[in-house]
Structure formats: C-alpha cells, structure tokens
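Q: what follows is a predicted structure for the sequence shown.
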Amino acid sequence: MVNPRAHYGVDAPGVLVGLTLGGIAELAVTAVLFAVGWTIPAVVLLIGGIILVAGAAVFAHTTLRGKFKVWDAEIDRLGLKGDERVLDMGCGRGLVLLKVAARLSSGKATGIDLWVTKDQSGNSQDATWANARAEGVADRVELVTGDMRDLPFDDATFDLVVSSLAVHNIPDAEGRAQAVREAFRVLKPGGLLRLADFRNTRQYAEVLRECGAADVEVYDLGWRFWYGGPQGRTAMVACRRP
Ligand SMILES: C[S@@+](CC[C@H](N)C(=O)[O-])C[C@H]1O[C@@H](n2cnc3c(N)ncnc32)[C@H](O)[C@@H]1O
C-alpha cells in the first residue's frame with residue numbers, strides 16, 4: 001500500500017518530461033502529416049510517438065509504483081530481525097530507507113544523500129523527514145548530508161547497506177567504483193549489500209569481487225523496474241561480507 005501522506009517524488013524528472021513532450025510533439029506532427037496526405041512519414045512518426053508515450057507511461061509507473069513493490073519484496077526476503085543498523089546510500093526522499101525502517105524495532109536506518117533535485121523531484125532532507133514522520137518511523141531514522149564516495153562512517157558499522165538508482169548518478173567510473181568500495185567497507189562481517197541500478201551493475205559486481213565479497217550475484221528486477229522500457233531495466237547487485 002502507498003501511504004497517501006508520503007511523497008517520494010519522481011526519479012530523473014527531466015527524462016520523464018522529455019519522453020512525454022517528445023511523444024506528444026511527434027503525435028501532433030503525425031496528425032498534420034496525415035492531414036496533408038504524407039502518409040508514409042506520418043506512419044513512421046506515429047510509431048516513434050507511440051514508443052515515446054509508452055516509454056513515459058512505463059517510466060512513470062516504475063518511479064511511482066513499480067519500484068515500491070520490488071523493494072518491498074526484496075526487503076521481505078532479507079528476513080530482518082529488527083535490531084539491524086542499515087545504511088541507504090543516495091536515499092533521496094526515503095523510499096527504500098523508510099521501508100527498511102518500518103521493519104526495524106531497536107535498529108536504526110541511516111540515509112546519506114546530497115539531495116540533488118535533478119536526480120529526484122523535490123529532493124531535500126526536509127522532504128525525507130516529512131516522509132519519515134508520515135510513515136511513523138522518524139524515531140528509527142537518521143539523515144546525513146554527504147557523498148557516498150566518502151562515507152563518514154567507521155569500517156564495519158552496518159548489518160545491511162542498500163542503494164536504489166543512486167550510484168549511476170556519479171559521472172565517472174572510478175567514482176562509482178569508489179562508492180561501491182565504500183559500501184563494502186562499512187559493512188560488518190556477515191553484513192549484506194543490495195544495490196539496484198539501471199546500468200553499470202556488472203562493473204559494481206566486479207569491484208565487490210575485488211574487495212573480497214562473497215555470494216556476489218546480479219539479477220534482473222523485472223518489468224516493474226524499467227525506466228522507459230527494456231533498455232532501461234534495473235538489476236540488483238547482491239553480496240555478503242565474509
Ligand atoms: C534517482 S534518486 C533515487 C533516490 C532513492 N534511492 C529512491 O530510490 O527513491 C538518486 C539519488 O542519489 C543521490 N546522489 C547522487 N549522487 C550522490 C552522491 N555522490 N552521494 C550521495 N547521494 C548522491 C541524489 O541526490 C538522489 O537523491
């Protein structure tokens with residue numbers, strides 16, 4: 001169930017607006033071309049417009065509903081006891097962070113972010129606190145402003161590190177690898193990592209193997225986590241710190 005009092009924004013809002021406006025523009029030009037009798041170019045543009053509008057619809061579903069369901073299932077599968085210390089890297093407005101917090105009793109969920117609004121609409125620490133209160137989990141949540149490439153936490157602090165659609169926002173490969181190494185560094189022995197992203201996941205898995213991670217796997221998260229279509233499919237990188 002989606003809590004109507006919590007608002008998690010839209011991922012990469014510029015991409016969604018671009019897909020929607022591009023699709024509408026193509027369909028409008030299609031109508032004009034049909035009207036003047038240019039049937040073949042009209043059919044080509046019609047197909048392009050339908051693909052863009054359908055992509056926008058799939059993107060909107062993923063960011064507003066689909067990823068919620070996927071993460072619910074992923075977190076349930078972890079079988080948390082409730083006393084864990086959990087870190088969400090690039091928590092944004094708190095979708096994953098607060099789902100984890102809702103499954104904790106004496107544990108604590110920490111979210112770290114730079115609150116970039118081009119990566120998520122309305123992104124701010126205040127918005128995340130408002131969602132934590134709306135979900136009734138503010139007492140189990142801690143928010144930190146910081147860069148995931150340089151986590152301000154000691155080694156072996158967390159039982160679980162999660163991240164959703166955040167690491168790809170780091171523009172360079174070495175920066176992304178550094179963020180993955182940091183996630184592994186702050187895991188306790190026996191701790192788990194679950195990192196979802198829509199590209200670079202094989203590289204993240206390779207970095208984790210180099211760090212000495214156990215049980216490293218990459219698996220597809222299905223159509224509910226497609227950003228615009230199958231070309232924007234999301235995969236989970238999972239591992240355990242030995
Ligand atoms: C697409 S949003 C996803 C937010 C959230 N994980 C979710 O699934 O709703 C990506 C997030 O990564 C954050 N971010 C980008 N680069 C970051 C960095 N270097 N360190 C920490 N957070 C970062 C952005 O501010 C944004 O909140």
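A: Great, that's in hand.
Q: which parts of the protein sit against the ligand?
A: 8, 11, 90-92, 95-96, 112-116, 119-120, 123, 147-149, 164-166, 169-170 (Cβ under 6 Å from any ligand atom). For every residue, glycine as well, the C-beta is placed using N, CA and C.
Q: what do you get if the cut-off is 5 Å, keeping everything else the same?
A: 11, 90, 92, 95, 113-114, 116, 119-120, 123, 147-148, 164-166, 169 (Cβ under 5 Å from any ligand atom).
Q: mark which of those are buried, thanks.
A: 11, 90, 92, 95, 113, 119-120, 123, 147-148, 164-166, 169 (16 or more other Cβ atoms under 10 Å).
Q: ok, which pair from those is furthest apart?
A: L95 and D147 (20.1 Å; Cβ to Cβ).
Q: before we move on, the earlier item: adding distance to K69 and pLDDT as columns, could you present the buried ones among the residues of the chain next to the ligand in a markdown table?
A: Listed next are these as a markdown table, based on distance: Cβ to Cβ, whole Å; pLDDT from 0 to 100:
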| residue | distance to K69 | pLDDT |
| --- | --- | --- |
| D11 | 15 | 94 |
| G90 | 20 | 98 |
| G92 | 18 | 98 |
| L95 | 11 | 97 |
| D113 | 23 | 98 |
| D119 | 21 | 96 |
| Q120 | 18 | 96 |
| N123 | 22 | 97 |
| D147 | 30 | 98 |
| M148 | 25 | 98 |
| S164 | 13 | 98 |
| L165 | 15 | 97 |
| A166 | 19 | 98 |
| N169 | 23 | 97 |
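Q: and V162, what are its bridge partners?
A: D88, R194 (DSSP bridges).
Q: my read: it touches L80, true?
A: No: here V162 lies out of contact with L80, judged by Cβ atoms under 8 Å, at a distance of 11.2 Å.
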